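Student: Make a model of this:
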Amino acid sequence: MVINELFNHISEESDCETSYTSWKSNDDPAAGEFSMSVNTEGYPQVILRDGEKIKFRAGPWNGLSGSIERLLWVDSMQDWTLYLAPESDHCDRYAVCKAFGSCNIDNSPVCECLKGFEPISPEQWRIADWSQGCRRRIRLDCGPGEGFNKYTNVKLPDTRASWYNQTMTLGECEKVCKRNCSCTAYTNSNSSGTGSGCLLWFRDLIDIRTFAETGDTLYIRMPPSELGKSKQ
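Tutor: Numbering: from 1, shown residues only. Next comes the predicted model:
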């Protein structure tokens, strides 16, 4: 099922949500529990759900093609067999490390708080219970000294509480975010090529993962004492 098929049904200004739904069973075409949709509460992103629970989030749409699932027909079995699925490892599960945490499949344990953040419950964190996530070590006060630290090779956070403008430059994006005390992070809305557009986040940063090489760049708002300490 190609992601482009979903986006062909939706425009940037649309408030609707286009979705595909699984069959109830191999023999029953009634709607099943699993659905895949383009969520437009903020910047468009593909979300896979099991009922109401989010199972997988493909990340903000960056203008490039991609597949959610690929099936192959096997004549000898007279059935479809799974060839490619979105969840390739534990870090592909939605919000494994919760707010302000980052999942890295090459680490053990896989979850860590972003630099400048700490576990809300250190005791639970030590036994690999990341359900409460992380919080800032130093709270923001919207002072003039606040700035942004650059994180590279990451999966961008859930965009359901975001704002975007496709014509702004990255410099303009930073200024807009800094003027708004509720803005927690920003990046280019189109990461292909040299990058363009502006994407802002206004709540906790959720469902981040770190890659060894490929990934997007994210600029996270930090207090003056934490600037320059969080680069990956």
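Student: When you work out contacts or count neighbours from here on, use the C-alpha atoms and nothing else.
Tutor: OK.
Student: Ends of stretch 25-32, what's the gap?
Tutor: One end of stretch 25-32 to the other measures 7 Å (CA to CA, to the nearest Å).
Student: immediately after the helix or strand bottoming out on mean pLDDT in the chain, which helix or strand?
Tutor: Every helix and strand in the chain was compared by mean pLDDT, DSSP states H and E; the lowest is helix 3-7, with a mean of 41. Next along the chain after helix 3-7, taking DSSP states H and E as the criterion, comes strand 19-23.
Student: middle-most residue in this structure, spatially?
Tutor: For the chain, the residue nearest the mean C-alpha position is P157 (3.3 Å; CA atoms, centre = their mean).
Student: Test my guess that that one contacts R203.
Tutor: No: contact criterion CA atoms under 8 Å: P157 and R203 do not qualify, at 10.2 Å.
Student: what sits against W201?
Tutor: Residues in contact with W201 (CA atoms under 8 Å, 6 or more residues apart in numbering) are 159, 161-163, 183-186.
Student: Without its sequence neighbours, what residue ends up closest to it?
Tutor: Distances taken as CA to CA, 6 or more residues apart in numbering place S162 nearest to W201, at 4.5 Å, with adjacent residues excluded.
Student: and the angle for the helix or strand containing I47 with strand 19-23?
Tutor: Using DSSP H and E, the element containing I47 is strand 45-50. Angle, strand 45-50 to strand 19-23, by axes from the mean of the first three to the mean of the last three CA atoms, to 10 degrees: 20 degrees.
Student: which SS class is the residue nearest to the centre of the chain?
Tutor: coil (DSSP: H, G, I helix; E, B strand; the rest coil).
Student: so who does it touch?
Tutor: Neighbours of P157 in contact, by CA under 8 Å, 6+ apart: 59, 205-208.
Student: Buried ones among those?
Tutor: Taking 16 or more other CA atoms under 10 Å as the criterion, what is buried in the contacts of P157 is 59, 205-208.
Student: and these, which two are the farthest apart?
Tutor: G59 and L205 (12.5 Å; CA to CA).
Student: Low-confidence bits of this structure, can you list those?
Tutor: 1-18, 61-64, 66-72, 82-88, 191-194, 229-232 (pLDDT under 70).
Student: who's sitting farthest from the centroid in it?
Tutor: S76 (39.3 Å).
Student: SS state for it?
Tutor: Under three-state DSSP, S76 comes out as coil.
Student: Pull up the gap between L156 and S65, please.
Tutor: 17 Å.
Student: Please apply the same query to S182.
Tutor: For S182 relative to S65 (CA to CA), the value is 32 Å.
Student: Which of these two has more residues huddled nearby?
Tutor: S182 (14 against 10; other CA atoms under 10 Å).
Student: returning to that earlier point: will you turn the buried ones among the contacts of P157 into CSV that also has secondary structure and distance to P119?
Tutor: As requested, those are arranged in CSV below (DSSP: H, G, I helix; E, B strand; the rest coil; distance: CA to CA, whole Å):
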residue, secondary structure, distance to P119
G59, strand, 24
L205, coil, 14
I206, coil, 14
D207, coil, 15
I208, strand, 15
